[in-house]
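Enquirer: Mind looking at a prediction? Sequence and model below.
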Amino acid sequence: MDNNDNKGIRLNKYLSEAGICSRRAADALIEEGKVFVDGKKAEVGTRVFPSSKVVVDGQKVEIKAKKVVLAYNKPVGIECTSDRSNKDNIIDAVGYPERVYTIGRLDKNSCGLILLTNDGDLAYRISKADERHQKEYNVVIDRPIDDAFIKKMEGGVEILGKKTAPARVYPKSDKSFNIVLIQGMNRQIRRMCEECGAKVRHLKRVRIMGLRLGDLEPGKYRVLTDDEVDMLYRQS
């Protein structure tokens, strides 16, 4: 059921979508007095809302949301928060019709790949493995890259009272490079660059584990295929 539907749906449709029976059979159950909604005996035509409690023959009935994982190309300015009172929240920006939440974060001034899901098991596995799986970023800084900069970034930098884990840096131009991390410290790349005498002008995440951003346009999302979800499970 669409949680944004303030009008609810008819009870027989709800029971059908929950896999209890057909709509016609649901009407029969309702007429027989076997269905209760919020503690009251239901009638044919009763409407069900997201907050409603539906009971059939003493058993609670719920529509199980199909598990979904989204890849979203987050634009700069969108915040990775589910707080709908924040006008820049990622949930409204994505606009997916079912409840989803982010796996991990990407700061407001950064853009690129972030995952959203309603699959709590996958979110837990990826978050638990956060210090093991790779994330790749494209970075543009305000000064030319030299060997000393690369060596320091790859070898580890002291930030937030901790030395960062070894990383891999791949220069793309005189001020642009890709970096592969296995950590997710707060504003890690920006802090690392500052410790190396540079400021970040642009930061985009282009890969999480084996999943690449590809040609997904900024502000757009796509639903991952079953094979891609299986890959995330295997790598987390």
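Expert: That came through, no problem. Numbering: from 1, shown residues only.
Enquirer: least trustworthy helix or strand in this structure by mean pLDDT?
Expert: Sorting the helices and strands of the chain by mean pLDDT, DSSP states H and E puts helix 120-128 at the bottom, at a mean of 84.
Enquirer: for that one, packing partners?
Expert: Contact here means 3 or more Cβ pairs under 8 Å, 6 or more residues apart in numbering; DSSP states H and E; on that basis helix 120-128 packs against strand 101-103, helix 226-235. Heads up, the C-betas are built off the backbone N, CA and C, glycines and all.
Enquirer: Give me the distance from it to the chain's centre.
Expert: How far helix 120-128 lies from its chain's middle: 11 Å, per Cα atoms, centre = their mean, to the nearest Å.
Enquirer: contact partners of the helix or strand that that helix is followed by?
Expert: Downstream of helix 120-128, the first helix or strand assigned by DSSP states H and E is strand 135-141. Contacts to strand 135-141, defined as Cβ atoms under 8 Å, 6 or more residues apart in numbering, come from residues 112, 172, 175-182, 184, 189, 193, 198-209.
Enquirer: where along the protein do the helices fall?
Expert: Using DSSP state H, the helices found in the chain span residues 11-17, 23-31, 90-94, 120-128, 147-155, 188-195, 226-235.
Enquirer: residues making contact with the second one?
Expert: Judged by Cβ under 8 Å, 6+ apart, the contacts made with helix 23-31 from elsewhere in the structure are 11-13, 15-16, 20-21, 35, 42-44, 46, 56.
Enquirer: Tell me, domain by domain, which residues of this structure belong where.
Expert: 9-61, 69-235 (automatic domain parsing).
Enquirer: most distant residue from the middle of the protein?
Expert: Residue farthest from the centre of the chain, counting by Cα atoms, centre = their mean, is E32 at 43.3 Å.
Enquirer: what angle sits between the lengthiest strand in the chain and helix 188-195?
Expert: As assigned by DSSP state E, the longest strand anywhere in the chain is strand 200-208. For strand 200-208 against helix 188-195, the angle by axes from the mean of the first three to the mean of the last three Cα atoms, to 10 degrees is 140 degrees.
Enquirer: so what does strand 200-208 touch, helix or strand wise?
Expert: Taking 3+ Cβ pairs under 8 Å, 6+ apart as the contact cut, strand 200-208 packs with strand 111-117, strand 135-141, helix 188-195.
Enquirer: Report the distance from that strand to the chain centre.
Expert: Relative to its chain's centre, strand 200-208 lies at 17 Å (Cα atoms, centre = their mean).
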